Every structure is written in C-alpha cells, then in structure tokens.
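Engineer: What follows is a predicted protein model with its sequence.
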Amino acid sequence: MISFYKYQGTGNDFIIIDNRNSVFDRANNALVEKLCHRRFGIGADGLMLLQNKSGYDFEMVYYNSDGKEGSMCGNGGRCIVEFARTLGLAKEKTIFYAPDGSHEAIVKPSFVSLKMNDVNGIEHNEEFCFLNTGSPHYVKFVQDINNYNVFDEGRKIRYNERFKAQGTNVNFVEKTGNELFVRTYERGVENETYSCGTGVTAAALVAAIKNKSTAADYCEIKTPGGNLKVKFKQQSTNSFTDVWLEGPAEFVFKGEI
C-alpha cells in the first residue's frame with residue numbers, strides 16, 4: 001500500500017507522495033500514468049515525489065500525467081511546499097530543489113508565494129512570444145477567450161514542426177478589465193488544464209513586454225480554476241528577475257492505493 005495526498009492549486013491537481021524512505025520506484029512510469037488516470041486511478045494533472053536532498057529542505061520530483069518526468073510546475077511547486085509544511089519540513093520560508101534548480105517559497109495562511117527562476121532570452125513578435133519559465137511556453141493574445149477552442153488550437157501548435165519533438169505548453173491570453181484571463185494547453189497532459197503556474201508566469205511577463213500588464217511590477221491573473229498573481233522586476237524586453245508566483249495551494253484528500 002502506498003499512502004498519497006491530493007492537492008490542488010487553482011484547479012491544477014496533483015498526487016503527492018512522501019518518498020523520503022524510497023517507498024515509490026522513480027522509474028515506474030507506467031504506475032505514475034495509471035495513478036494519474038481519471039478513470040482507472042486517483043486522477044490528477046501530475047504526480048510529485050517529495051524526497052531528501054542535501055543542502056535543501058526537500059526535493060520535488062515532478063511527473064506529467066503521461067507518466068514521464070516533467071520540467072518545473074509552478075502550481076505543483078506551491079502545492080508541495082504546503083505539503084512540506086504539514087510534514088514540518090517547511091515553516092514560513094523554505095528552500096527546495098526542483099527540476100529546474102533551487103527555489104525559495106514563502107508560506108502564508110491563505111497562499112504560497114513561489115520564487116521562479118530569472119527569465120532571459122524571450123522570443124517575441126507580433127503573433128506570439130516564446131519563453132522558458134521553468135517549462136517552455138508559447139504565449140498568444142486572442143479575442144473572445146471564453147469561446148476560444150483551446151484544445152484544437154493548442155494541439156496544432158504543440159505538435160507543429162517546430163515544437164513536436166520536445167513539445168511546448170500553449171497559452172492563450174486576453175486582457176479583461178484589470179486582469180489577464182489565461183487558458184493553457186499543457187504538454188504531458190495533452191489537454192487544457194484548469195490552470196498552469198509556469199504558464200501564467202509566462203503570460204504575465206509577455207503582457208509586461210506588450211504593455212498589457214495590470215501594473216508595472218505585477219500582474220493579476222484569472223484562470224478557469226481561480227486567481228493567481230505574478231510579481232516581477234523587468235530589466236529589459238528580454239530579461240526579468242525577482243519573479244514570484246502567488247496563489248492558493250489546498251489539500252483535497254488523502255488515501256492509500
């Protein structure tokens with residue numbers, strides 16, 4: 001029997017397993033895929049292992065729902081920080097190791113603020129922007145986002161000649177009032193998710209480049225699963241530092257399988 005914990009961050013849901021005693025085989029990709037399946041398993045957008053890491057409070061190992069180890073997940077990072085807090089590994093502040101390196105986080109009663117890596121080398125043109133915020137992201141501003149066909153249009157881009165080998169996440173963005181509405185097609189899930197942390201981070205930085213951000217140093221984000229906030233310091237059109245992703249990280253249930 002394996003104990004697991006289910007968490008969600010603005011509807012982006014994850015299975016988390018405390019693997020400090022190596023109860024879970026990291027190489028068992030088929031089992032990860034089965035556990036994430038919404039009909040034959042627990043159901044989740046991804047699975048994370050919390051492990052020991054010298055020099056850090058813990059290590060985050062992330063898998064997409066297709067069973068393959070993935071790159072950084074912003075909402076997942078916030079959720080595993082909240083889980084680590086319940087284990088006594090993190091208090092108000094923590095430093096942990098993730099697929100894209102070291103991360104800091106601050107835990108508050110109603111949200112977790114996660115520091116993302118600095119972002120450089122952003123490709124931007126009239127049609128779209130492409131950047132890496134821990135995972136690769138294609139960002140495009142559209143109109144009437146509520147009725148936009150995110151699945152079909154996102155899949156076309158994710159599997160086009162440029163991106164099909166490694167894949168990319170695809171974000172469609174519209175500024176509505178004093179916030180951005182972001183919808184994301186995620187690689188590895190191969191579908192639209194309720195929210196994507198690295199995706200909304202990418203959308204906020206692109207909005208700053210295009211003078212569509214909600215403020216000079218932060219952006220309010222709406223996703224189908226809830227609201228997030230991205231803070232940043234823009235150094236140039238291609239460079240951002242001090243990037244933070246802020247939002248809720250909530251326990252859903254625990255069980256054994």
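Structural biologist: Perfect, thanks for sending it. Numbers count the residues shown, from 1 in each chain.
Engineer: Now tell me what touches the lowest-mean-pLDDT helix or strand in the chain from outside.
Structural biologist: The weakest-scoring helix or strand in the chain, judged by mean pLDDT, DSSP states H and E, is strand 123-124 (a mean of 92). With contact meaning Cβ atoms under 8 Å, 6 or more residues apart in numbering, strand 123-124 is reached by Cys129, Phe130, Leu131, Val206, Ile209, Lys210, Thr237, Asn238. Yep, even glycine has a C-beta here, placed from its N, CA and C like the rest.
Engineer: In CSV, list these along with neighbour count, pLDDT and secondary structure.
Structural biologist: Below are these laid out as CSV (neighbours: other Cβ atoms under 10 Å; pLDDT from 0 to 100; DSSP: H, G, I helix; E, B strand; the rest coil):
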residue, neighbour count, pLDDT, secondary structure
Cys129, 23, 97, strand
Phe130, 19, 97, strand
Leu131, 22, 97, strand
Val206, 26, 97, helix
Ile209, 18, 94, helix
Lys210, 16, 93, coil
Thr237, 11, 86, coil
Asn238, 14, 90, coil
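Engineer: any chance of those residues in a markdown table, plus distance to Leu31?
Structural biologist: Output for those, formatted as a markdown table (distance: Cβ to Cβ, whole Å):
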| residue | distance to Leu31 |
| --- | --- |
| Cys129 | 37 |
| Phe130 | 33 |
| Leu131 | 33 |
| Val206 | 37 |
| Ile209 | 41 |
| Lys210 | 43 |
| Thr237 | 44 |
| Asn238 | 41 |
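Engineer: from these, which single one is nearest Val81?
Structural biologist: When those are ranked by distance to Val81 (Cβ to Cβ), Leu131 comes first, at 23.6 Å.
Engineer: Quickly list what Asn132 is bridged to.
Structural biologist: Beta-bridge pairing of Asn132 under DSSP bridges involves Pro136.
Engineer: roughly how far apart are it and Lys93?
Structural biologist: Distance of Asn132 to Lys93, computed by Cβ to Cβ, to the nearest Å: 26 Å.
Engineer: Have a look at those two and say which one is more surrounded.
Structural biologist: Shown here are Asn132 and Lys93; by other Cβ atoms under 10 Å, Asn132 has more neighbours (18 against 12).
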